[in-house]
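> using only what follows, build the 3D model:
(one chain, ligands or ions: 5)
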Amino acid sequence: MSYKAEYIWIDGTEPTAKLRSKTKILPGVPSDGAELPIWGFDGSSTNQAEGHASDRVLQPVFSCPDPIRGGNDVLVLCEVLNIDMTPHESNTRALLRPVAEKFAAQEPIFGIEQEYTFFDGTRPLGFPVGGFPAAQGGYYCGVGADEIFGRDIVEKHLDHCLTAGLDISGINAEVMPGQWEFQVGPLGPLEVADQLWIARWLLYRTAEDFNVSATLNPKPVKGDWNGAGAHTNFSTRAMREDYAAIIAACEALGEGSKPLDHVKNYGAGIDERLTGLHETAPWNEFSYGVSDRGASVRIPWQVEKDGKGYIEDRRPNANVDPYVVTRLIVDTCCTGLEKNG
Ligand code: ADP
Ligand code: MN
Ligand code: MN
Ligand code: MN
Ligand code: MN
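Ligands and ions are numbered 1, 2, ... in the order given. Below you'll find the model as predicted:
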């Protein structure tokens, strides 16, 4: 007996890393208790090494059923290590681990809304050859062949995520044709980020069979078309119990150099998306507000009404690294909440 393990890792491409994967045949069955073995790859082909010393190590950190191959086969998310077993410099998960551990007692959880855009060759799916479709307005959560492009791929991706056991909380069609969203969470920082990377891989892999590419480009069409973000919803136990903690978290995000520290790590090309138009706040002005989709951070109306809940950081780009955004938010907000008692 043997099974296929698809080893998936995040490469070193700048400014936005890409996913890579390859298949390892393993003996037995996945549940026989044997640890998934480490593996290696050629880092010179992934922007993670020079050619003369190019071996890098894949360390399995998360695995789940492979919904594409089915049977006993699995997907295996890996951290990239150097051959001395230290984290490779591209390994942002290794930076999140100690921060998640330090603040675990505050029980931080995240729900990330991943927006993305399907492309059919060089055009967003649903854009006519050499032109533009009707202006945006009717597409968001739309229905019908004149408004919806790619639903068969979206439904298949959702099924794959659920079969893999990922904690998807919903999907919707977005404001621009060919643009969609799925949400992962709420989960702890490492869990939400691991699952989001796997869900991204499944998105690309599912769309591949339809000859469509999915992209996380934050501003796929210039001009009067919505960009693609990754709104990051966040709470700690204190925030889920008390409105003062909700405000303290917003204030912590707005303090001193924090707004810029965050925004410059929220995905390449963020200034093109956070213009102040299209339901965004300008990238260089921090604000928070109840029910305000033009603020950097939104407090949902229900949270104000209930006097507890979570906040939504609306700034992260679709192409953000979830290991980075969760690390920054946990570090900033949990440090701020600690000071506030
Ligand atoms: P929006 O109204 O901004 O489109 P969505 O419904 O798309 O919001 O996404 C909200 C996300 O927030 C979901 O992933 C949901 O699971 C998550 N969420 C809900 N409650 C909490 C909470 N207390 N802490 C963190 N995330 C939460
Ligand atoms: Mn080879
Ligand atoms: Mn949403
Ligand atoms: Mn959205
Ligand atoms: Mn949102």
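> list, one by one, the residues from the chain near ligand 5.
113, 231 (Cβ under 5 Å from the ion). In this view, the C-beta of every residue, glycine as well, is placed from N, C-alpha and C.
> quick check: the residue of the chain nearest ligand 5.
residue 231 (3.5 Å; Cβ to the ion).
> how about the contacts made by that residue?
112-113, 312-314, 316 (Cβ atoms under 8 Å, 6 or more residues apart in numbering).
> could the residues you listed go into CSV alongside pLDDT and neighbour count?
As requested, these are exported to CSV (pLDDT from 0 to 100; neighbours: other Cβ atoms under 10 Å):
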residue, pLDDT, neighbour count
112, 98, 27
113, 98, 22
312, 98, 21
313, 98, 26
314, 97, 23
316, 98, 30
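> once you drop chain neighbours, what's closest to residue 21?
Leaving out its chain neighbours, the residue that sits closest to residue 21 by Cβ to Cβ, 6 or more residues apart in numbering is residue 8, at 4.3 Å.
> burial check on that neighbour, number of neighbours?
23 (other Cβ atoms under 10 Å).
> so it sits in a strand?
Yes - under DSSP: H, G, I helix; E, B strand; the rest coil, residue 8 falls within a strand.
> so which pair among the contacts of residue 231 is furthest apart in space?
Farthest pair in the contacts of residue 231 (Cβ to Cβ) is 112 and 314. Separation: 11.9 Å.
> so where do the helices sit in the chain?
Counting by DSSP state H, the chain has helices at residues 93-102, 151-163, 189-208, 243-254, 258-263, 270-273, 301-306, 322-329, 335-339.
> highest average neighbour count across the ones you listed?
helix 322-329 (a mean of 25; mean count of other Cβ atoms under 10 Å).
> so which elements touch it?
helix 93-102, strand 109-120, helix 189-208, strand 232-235, helix 258-263 (3 or more Cβ pairs under 8 Å, 6 or more residues apart in numbering; DSSP states H and E).
> now these as CSV including distance to residue 126?
CSV is the format used below for the helices and strands packed on helix 322-329 (distance: least, Cβ to Cβ, whole Å):
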stretch, distance to residue 126
helix 93-102, 35
strand 109-120, 8
helix 189-208, 14
strand 232-235, 27
helix 258-263, 30
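> redo these as TSV? Include distance to ligand 1.
Converted to TSV, these look like this (distance: least, Cβ to the nearest ligand atom, whole Å):
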stretch	distance to ligand 1
helix 93-102	15
strand 109-120	2
helix 189-208	9
strand 232-235	3
helix 258-263	17
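> out of those, flag the one nearest residue 279.
That would be strand 109-120 among the helices and strands packed on helix 322-329, by Cβ to Cβ, at 11.3 Å.
> parallel or antiparallel, list what pairs with the closest one.
strand 123-124 (antiparallel), strand 179-187 (antiparallel), strand 213-215 (antiparallel), strand 232-235 (antiparallel) (DSSP bridges).
> out of the ones you listed, the one nearest residue 171 is which?
Nearest to residue 171 among these is strand 179-187 (4.7 Å), distances taken as Cβ to Cβ.
> wait, what's in contact with residue 68?
The contact partners of residue 68, by Cβ under 8 Å, 6+ apart, come to 160, 202, 205-206.
> for these, work out which two are farthest apart.
Top of the distance list for the contacts of residue 68 (Cβ to Cβ): 160 and 205, 8.1 Å.
> ok, residue 26 - how many residues close by?
So residue 26, with other Cβ under 10 Å, has 20 neighbours.
> heads up, I number from 53, so please use that
Got it, the first residue is 53 from now on, which makes the last one we talked about residue 78.
> so how far is residue 324 from the spatially closest residue to it that is not a sequence neighbour?
Once flanking residues are discounted, residue 78 sits nearest to residue 57: 5.3 Å by Cβ to Cβ, 6+ apart. Separation of residue 57 from residue 324 (Cβ to Cβ, to the nearest Å) stands at 38 Å.
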